[in-house]
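A.B. asks: sequence first, predicted model second:
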Amino acid sequence: MHVAFVLDRSGSMSHLTDAVISGVDEFVSELRRDPGDTRFSLTAFDTRVEHVHIAVPLAEVPSLAETGYEPGGMTALFDAVAHTVLATDERLRGQGREAEKVMVVVMTDGLENSSTDYTARTLNELIQAYDGRPNWTFVYLGAGHASLAEAQAAGADLAFERGNAMRWQAEEAGLLMALKEANVVVTALDTFRAREMVDRFCRRHLIPQIDIGMVIKTKKERLTLASGQVIASIPGFACLRCWFLDDATLNEEARERPPGYDRNPGAPGDPQVVSMNGTLASEACNCVLDMVTAFSGGRRGVKVWRYDGRTGVLEQGELPSRRADCDACAEEALGDGH
Ligand SMILES: [Zn+2]
């Protein structure tokens, strides 16, 4: 396979410098996991287009930190993509390797403003012609887009298939890399959606997760419920999807329920929960300590701890059994793969 990476080096990328360096390095190291004979080219562009590496074996691709990445200048995005496609095709053809798989990856914020040879229309035609070949794939990594839909729209402007356009969030990319290195993840998140995302991520990477949460209900100014829990969500056992997280809950939250402890719309401001959350956080620490030291002698295990903030009672309970048809559990241990 041949990977032609087209990297935006224009001034608008400068606030992303560190994240781009780690993002590109990470991309190359992911490619190295596949033992096939893959060659890598890097084209960096600002006002001009520069072919930095041409057809280098993956093992010899230096870190982008060594190669250097100093954004500046304007964005000749259309010219950079077009010249990369044509140069790659010409080189492979000259070597009799035109049947080889080619992946063209474009990492940019999409703000074209200085191409002289190609327009959106002529680039679009060029990409469509190549995308129609069975061995060519185009991937758009959109930096700085507010949503996936926006990244897809920017990719679609270049005739990249929507399925191959990804929103590449530099901050998130750095965060996810750090999260992958964790031995245990302890979460205290405000929304079901966030809990679902982290739970799935941890399952994929076989990271034990301790999820803590608290909900408060009021009637007028009276506290009617202060209910918290600590859940050990551990690979091999029930996940949050096996249990209480479902599409209906996520959709309802997306539609109408804002994050917050008290979802009573008439509630007078945020309730004070730090002392109750402190109990849950301490209990989560005990779970982590038990994983490392086994101090409980098996008395803790993979459980749920339910907490009544009004009485102070903290009780250990059993997790439900794993659901055989759980789609989140089916992703367990897949890592970043499909
Ligand atoms: Zn599950």
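C.D. replies: Thanks, I have it.

A.B. asks: pretty sure residue 305 is touching residue 227, no?
C.D. replies: No - counting by CB atoms under 8 Å, residue 305 stays clear of residue 227, with 11.8 Å between them. In this view, the C-beta of every residue, glycine as well, is placed from N, C-alpha and C.

A.B. asks: give the residue from these two that has the larger number of neighbours.
C.D. replies: Between residue 305 and residue 227, counted using other CB atoms under 10 Å, the more crowded position is residue 305 (22 against 15).

A.B. asks: buried residues in the strand or helix carrying residue 88?
C.D. replies: Taking DSSP states H and E as the definition, one finds residue 88 inside helix 77-94. Going by neighbour count (16 or more other CB atoms under 10 Å), the buried part of helix 77-94 is 77-85, 87-89, 91-92.

A.B. asks: can you name the element that comes right after it?
C.D. replies: strand 102-108.

A.B. asks: convert the C-alpha atoms of stretch 18-30 to PDB, please.
C.D. replies: C-alpha atoms of stretch 18-30 as PDB (Å, rounded to 0.1, in the frame of the first residue of the first chain):
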ATOM      1  CA  ASP A  18       1.900  20.100  19.100                       C
ATOM      2  CA  ALA A  19      -1.300  18.200  18.400                       C
ATOM      3  CA  VAL A  20      -0.600  17.900  14.700                       C
ATOM      4  CA  ILE A  21       2.900  16.500  15.500                       C
ATOM      5  CA  SER A  22       1.500  13.900  17.800                       C
ATOM      6  CA  GLY A  23      -1.500  13.200  15.600                       C
ATOM      7  CA  VAL A  24       0.700  12.500  12.500                       C
ATOM      8  CA  ASP A  25       3.200  10.400  14.500                       C
ATOM      9  CA  GLU A  26       0.300   8.400  16.000                       C
ATOM     10  CA  PHE A  27      -1.200   7.900  12.500                       C
ATOM     11  CA  VAL A  28       2.200   6.500  11.200                       C
ATOM     12  CA  SER A  29       2.600   4.300  14.300                       C
ATOM     13  CA  GLU A  30      -0.900   2.900  13.700                       C
END
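
A.B. asks: tell me what the helix holding residue 88 is packed against?
C.D. replies: With contacts defined as 3 or more CB pairs under 8 Å, 6 or more residues apart in numbering; DSSP states H and E, helix 77-94 has these neighbours: strand 2-8, strand 39-45, strand 49-57, strand 102-108, helix 120-131.

A.B. asks: give me the contact list for that helix.
C.D. replies: For helix 77-94, the external contacting residues (CB atoms under 8 Å, 6 or more residues apart in numbering) are 2, 4, 6, 8, 41, 43, 45, 49, 51, 54-55, 98, 100, 102, 104, 106, 108, 110-112, 115-120, 122-123, 126-127, 130, 158.

A.B. asks: what about the residue in the stretch 51-200 of the chain that the ion sits nearest to, neighbour count?
C.D. replies: Of all residues in the stretch 51-200 of the chain, residue 199 sits closest to the ion, at 8.5 Å by CB to the ion. By other CB under 10 Å, 22 other residues sit near residue 199.

A.B. asks: list phi and psi for it.
C.D. replies: phi -60, psi -50 (degrees, to the nearest 10).

A.B. asks: can you give me the strands for the stretch 101-250 of the chain?
C.D. replies: Along the stretch 101-250 of the chain, the segments classed as strands by DSSP state E, counting those that start in this stretch run 102-108, 136-143, 165-168, 185-187, 209-219, 222-233.

A.B. asks: what's the least confident stretch among these?
C.D. replies: Note on the strands of the stretch 101-250 of the chain: lowest mean pLDDT is at strand 165-168, with a mean of 68.

A.B. asks: dump the strands of the stretch 101-250 of the chain into a markdown table; add distance to the ion as well.
C.D. replies: Below are those laid out as a markdown table (distance: least, CB to the ion, whole Å):
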| stretch | distance to the ion |
| --- | --- |
| strand 102-108 | 33 |
| strand 136-143 | 30 |
| strand 165-168 | 25 |
| strand 185-187 | 16 |
| strand 209-219 | 12 |
| strand 222-233 | 9 |
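
A.B. asks: before we move on, the earlier item: okay if I get the helices and strands packed on helix 77-94 as JSON lines plus mean neighbour count?
C.D. replies: Converted to JSON lines, the helices and strands packed on helix 77-94 look like this (neighbours: other CB atoms under 10 Å):
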{"stretch": "strand 2-8", "mean neighbour count": "24"}
{"stretch": "strand 39-45", "mean neighbour count": "23"}
{"stretch": "strand 49-57", "mean neighbour count": "15"}
{"stretch": "strand 102-108", "mean neighbour count": "23"}
{"stretch": "helix 120-131", "mean neighbour count": "15"}
